[in-house]
Every structure is written in structure tokens, then in C-alpha cells.
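> kindly return the folded structure for what I paste below:
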Amino acid sequence: MLRLSRLTDYAVAVLVRLSQADGVATSPCIAGAIGIPEPTVAKVLKSLTQTGLVISQRGAHGGYRLARPLSAIPVSDVIVAIDGPIALTACVEGGSGGCESHSLCPMAGRWTPVNEAIRDALRSISLADMAGDCQPISLRLPAALAAFSD
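Residues are numbered from 1 along each chain as shown. Purely as a prediction, here's the structure:
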């Protein structure tokens, strides 16, 4: 089963909450609003800041704010910020590690189109789509995935 980490799910909730804040929001404020422990929210905010999805502001009136609107943040960017490159198997570009049977595998390189189709689909959905700020998502399967849906 393809499954995202819990931290990625939390990151989406944090970003949506930030979009609703007037100005900046603090980590404890966000944690209280979405029901996630503050240390976890702080960890997520650190990753989102390091990847440029969130901007931190120091000082007495400090906190966090979105670097760009939800409509300009694809789901893929959040996944990469928290979980790293999107890769279904180890033998595709961005995969973690290698495979001990790569030289003999009849499927070597054949997962790449599927992996790219999933990346494209995740790039096509913004956080605004998920938050309901836009029209309902009409996900069009890339041609490479459409063949598998029959």
C-alpha cells in the first residue's frame, strides 16, 4: 500500500491553518487549533521553513506564515518537504537505496513511468483544492496511469 507519513498529513493541516491566520501564527496557537501536540507542530514547521513553504518571523510578534498561497502549493511539495523524494520503488529516480537484483530484474526501469505519473498527479493538486478553496478536484489521470485503470 502506498501511504504517506503522519507528519505529511500534519504538515497539510498546519499549512491550511496558516492560510486562515491573520498575519503570523505561533506554533502553540497552530497546535491548539488543529489538535496536534506542539512539539510535533514545531518539528513540521521547521521542515516546512527549511524547504521554503513557510516563512518564520522572529521577535515579540513573531511566528510563521505561508511563503505563498495554498493555490500555489502542490501536494507534491509538501510530501517532498516532509518525506523526501516521491518514489514508489528503490530502482526509480529519487528512490532510496538500490536493489540487490537490479542487474537481473526484468522490471528494471519499468516503474519510472508509473512513478512519474504519480508525481504529475500530485503536482496537479494544490492545497487549496484539498482545503476546498477552489472548485472540486477533477483529477485527470496521466496517460501512463490511465492504461492501468481499465
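> and the host helix or strand of residue 122, what's buried?
Secondary structure from DSSP states H and E places residue 122 in helix 112-123. Buried residues in helix 112-123, counted by 16 or more other C-beta atoms under 10 Å: 112, 114, 115, 116, 117, 118, 119, 121, 122. All C-beta atoms are positioned from the backbone trio N, CA, C, and that covers glycine.
> same question for stretch 6-23.
Residues of stretch 6-23 classed as buried: 7-8, 10-19, 21 (neighbour count, 16+ other C-beta under 10 Å).
> out of these, who's nearest residue 64?
residue 18 (6.2 Å; C-beta to C-beta).
> OK, contacts around that closest one?
25, 30, 54, 64, 65, 66 (C-beta atoms under 8 Å, 6 or more residues apart in numbering).
> name the element it belongs to?
Counting by DSSP H and E, residue 18 is found in helix 6-20.
> check the offset of that helix from the chain's centre.
Between the centre of helix 6-20 and the centre of its chain there are 10 Å (C-alpha atoms, centre = their mean, to the nearest Å).
> C-terminal to it, what's the next element?
Of the helices and strands lying after helix 6-20 in sequence (DSSP H and E), the nearest is helix 27-34.
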